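A.B. asks: here is a sequence with its predicted model. Questions after.
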Amino acid sequence: MTDLKYSPTVAYLGPEASFTHVAATYLFGNAGLMPQPTIPDCIEAVATGRVVYAIVPLENALEGSVPMTIDYLFHGSDLFINAEISTPIEQHLMVNEKQKDALDKLDSVQSHPHALAQCHKYLQYHYRRTPLIQTTSTAAAAKYVSENPDLRIAAIGNRLAAKKYGLHIAEENIHDFHFNHTRFVVLSMRKGYLEAKGHADNPKTTFMVKLPEDDRSGVLHQILSVFAWRKLNLSKIESRPLKTGLGNYFFIIDVLENEDHPMMRGALEELAALNCNVRSFGTYYTYEQKPSR
Ligand SMILES: O=C(O)C(=O)Cc1ccccc1
């Protein structure tokens with residue numbers, strides 16, 4: 001699904017058949033996609049101009065924010081968010097065809113830390129004594145399992161990864177909670193919308209807000225009222241460590257409005273008057289990928 005006028009280069013957390021790859025394909029089609037081994041590699045590729053866009057996971061419905069993305073995006077990057085896509089996530093346990101009968105003798109289960117966490121109850125119940133090994137992505141785990149047929153190991157990942165790397169799905173849908181969605185963001189060096197078909201009506205704007213240093217009481221309440229009395233709808237507020245000392249936080253605030261809207265301009269002026277330090281990641285459209293079957 002895409003009606004982008006040209007095929008830009010897009011770095012994504014690879015290898016092929018990762019969840020990020022699925023989200024990237026939905027927005028951009030297949031042309032121009034460039035797999036990267038890690039999230040920082042994706043962010044570096046776009047920040048240095050090697051690619052036009054990068055797409056990385058930002059937040060999962062079960063696990064919360066992806067710390068690696070937050071760290072690299074909010075601490076010291078000059079990038080902007082150009083789109084967001086939310087994707088349903090189904091996790092499956094997969095093994096090499098050669099190890100189909102070794103399911104009760106596995107030496108390890110491998111996957112991305114979020115995938116392992118999303119299947120925690122399943123793993124606790126069925127593989128309590130089996131070491132869990134973290135990989136850079138679910139697809140990296142599936143690829144490793146396919147390249148090592150003599151190892152008694154399993155990967156957790158999506159159906160496409162099982163197909164792509166020729167693995168046997170030993171157990172389907174092992175994620176602990178039914179509603180498992182991940183938000184991915186498309187990053188670039190410029191503010192701007194990524195226009196494709198089927199986005200939500202309301203655009204979204206993401207701000208990073210640092211509180212004034214005088215530590216006065218009620219300041220968070222003041223910040224929220226800046227948005228509240230203007231009827232600006234927040235879809236998220238999250239506090240993250242500033243990494244400057246214990247107890248120092250900044251806030252990630254998502255507002256369902258265009259930052260050029262007069263009410264938003266007024267809100268930003270008022271935040272500045274409150275001595276808040278605000279950095280905008282831009283206004284963008286959100287997309288929702290439907291389950292494939
Ligand atoms: O590992 C992947 O395939 C990713 O794209 C990151 C991820 C991991 C778990 C859920 C959603 C995205």
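C.D. replies: Right, received. Where do you want to start? Residues are numbered from 1 along each chain as shown.

A.B. asks: and the longest helix for the chain?
C.D. replies: Looking across the chain with DSSP state H, the single longest helix is helix 262-273.

A.B. asks: past that helix, which element shows up next along the chain?
C.D. replies: Once helix 262-273 ends, the next helix or strand along the chain (criterion: DSSP states H and E) is strand 277-288.

A.B. asks: quick one on the thing from earlier: what about the longest helix of the chain, distance to the chain center?
C.D. replies: Between the centre of helix 262-273 and the centre of its chain there are 29 Å (CA atoms, centre = their mean, to the nearest Å).

A.B. asks: tell me what angle it forms with strand 277-288.
C.D. replies: Here helix 262-273 points in a direction 150 degrees away from that of strand 277-288 (axes from the mean of the first three to the mean of the last three CA atoms, to 10 degrees).

A.B. asks: in helix 262-273, what counts as buried?
C.D. replies: Buried residues in helix 262-273, counted by 16 or more other CB atoms under 10 Å: M264, A267, L268, E270, L271. Yep, even glycine has a C-beta here, placed from its N, CA and C like the rest.

A.B. asks: using CSV, write out every CA atom in stretch 38-46.
C.D. replies: C-alpha atoms of stretch 38-46 as CSV (Å, rounded to 0.1, in the frame of the first residue of the first chain):
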residue,chain,number,x,y,z
THR,A,38,20.6,-2.3,14.9
ILE,A,39,18.4,0.7,15.7
PRO,A,40,21.4,3.0,16.2
ASP,A,41,22.6,2.0,12.7
CYS,A,42,19.2,3.0,11.3
ILE,A,43,19.3,6.4,13.1
GLU,A,44,22.9,7.0,12.0
ALA,A,45,22.0,6.1,8.4
VAL,A,46,19.4,8.8,8.2
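
A.B. asks: show me how far it is from its chain's centre.
C.D. replies: Relative to where its chain is centred, stretch 38-46 has its mean C-alpha point 13 Å off (CA atoms, centre = their mean).

A.B. asks: how about stretch 178-185?
C.D. replies: A distance of 8 Å separates the centroid of the chain from that of stretch 178-185, by CA atoms, centre = their mean.

A.B. asks: near the ligand, anything from that stretch?
C.D. replies: Yes - applying CB under 6 Å from any ligand atom, one finds stretch 178-185 touching the ligand at T182.

A.B. asks: cool, and stretch 37-50?
C.D. replies: No - Stretch 37-50 stays clear of the ligand (CB under 6 Å from any ligand atom), getting no nearer than 8.5 Å.

A.B. asks: likewise stretch 90-100?
C.D. replies: No - Stretch 90-100 does not reach the ligand (CB under 6 Å from any ligand atom); its nearest approach is 7.7 Å.

A.B. asks: for the most centrally placed residue in the chain, list the residues it contacts.
C.D. replies: For the chain, the residue nearest the mean C-alpha position is P57 (1.6 Å; CA atoms, centre = their mean). Contacts for P57 (CB atoms under 8 Å, 6 or more residues apart in numbering) come out as L13, F19, T20, I39, V66, T69, H114, T182, R183, F184.

A.B. asks: could you redo the last one with a cut-off of 10 Å?
C.D. replies: Contact analysis of P57 by CB atoms under 10 Å, 6 or more residues apart in numbering lists 12-13, 18-20, 23, 39, 63, 65-66, 68-69, 87, 89, 112, 114, 137, 182-185.

A.B. asks: so what pLDDT did the closest residue to it other than its chain neighbours get?
C.D. replies: Once flanking residues are discounted, P57 sits nearest to V66: 4.9 Å by CB to CB, 6 or more residues apart in numbering. As predicted, V66 sits at a pLDDT of 84.

A.B. asks: over to the residue nearest to the centre of the chain: give its phi and psi.
C.D. replies: phi -70, psi 140 (degrees, to the nearest 10).

A.B. asks: how close does it get to the ligand?
C.D. replies: P57 sits at a distance of 4 Å from the ligand (criterion: CB to the nearest ligand atom, to the nearest Å).
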